[in-house]
Structures are given as structure tokens and as C-alpha cells.
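Q: Need a 3D model of the sequence below.
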Amino acid sequence: MAIQEMLKLDVTQRIIEAAKSKAEELNVKEDIAIVDAGGNLKAFARMDGAWLGSIDIAMRKARTTRFFDAESAKLGKMSQPGQPLYGIEFSNGGLITFGGGIPLEDSSGTIIGAIGVSGSTVANDVKVAEAGADVCRKSKWATA
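A: Next up is the predicted model:
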């Protein structure tokens, strides 16, 4: 991946701010992780009072999403007993296959990372992750 295609730190901070704002609107405490295109942690925020156990879950949701370029919830549907990806959550050092992980795409649709959110209900985690992902999708400044 060329340097100009990398997710920039200032962008990750804007994504986290949008996600935190949505969490505050929903009155929930979230852990928010962002990974770059290589699946490496780029930014993280733990809202005051967010669960400690959700730190790892948020990071794993983000990595799971980036490893397979699919929302973690979609992978969850495909990893149920009898489905083609059954057992996938045991690969790659442990994956999370329920909602709250969403790919981050630049304005051209190129996946440049992923966001993972954990700390509330799965439905709220998804809403918070979507708020962050929307910032990235709608911006021309997502990459260097």
C-alpha cells in the first residue's frame, strides 16, 4: 500500500469524535478502536466509565472487519452452525463475529481501515460505529 493510501491520524481522531458524539447522544459508554489497512491499531478511545472487557472486543471487531473487509455482523451470520464460515472466530488469534465492526472507506470506496465499537448493546455499538464510518466515507480528506 502506497503511503498516500494510508489512513491519517487526524482522520482517525475525527472518526473517533463522531463515534463518541453518537455514543453520548445514545447515552452509552463505548470503547472505540480504529485499525489501518494492515489491521494494526491506529487509534483508540475509551470513554469514561466504559467497560474494561470491551477494550479487547472493540479492537477484535475492528481487526475482524479489516481482515475480511466485511462488517462483523455479516461475518456473524455466515459463521453460525451449518453456515460456510462456521468456526472462523477461532482463527487469526480470535475474531469477533457480531455487530459493531465496520470497514472504513475513503470517498472513492477504497477500504483504508476499520472501526470496532464495544460497550453497549450490539445495536448501539453498530450505530456508534456507523457514525464514525460515515465521517470517513463522506470526506475527501480520508487519506494522505
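Q: show me where the protein has strands.
A: For the chain, strands defined by DSSP state E occupy the ranges 31-36, 41-46, 101-105, 111-118.
Q: And the last one, what's buried?
A: Put plainly, it is strand 111-118. 112-118 (16 or more other CB atoms under 10 Å). Just so you know, the C-beta spots here come from the backbone N, C-alpha and C atoms, and that holds for glycine as well.
Q: what's the spacing between Glu30 and Met78?
A: Here the distance between Glu30 and Met78 works out to 25 Å (CB to CB, to the nearest Å).
Q: who has more neighbours, the two?
A: For Glu30 and Met78, the more surrounded residue by other CB atoms under 10 Å is Glu30, and the numbers stand at 27 against 14.
Q: Quick check: phi and psi at the more buried one.
A: Glu30 adopts backbone torsions of phi -130, psi 150, taken as degrees, to the nearest 10.
Q: what do you get for the one 10 residues further on?
A: Dihedral angles of Asn40 (phi, psi; degrees, to the nearest 10) stand at phi -90, psi 140.
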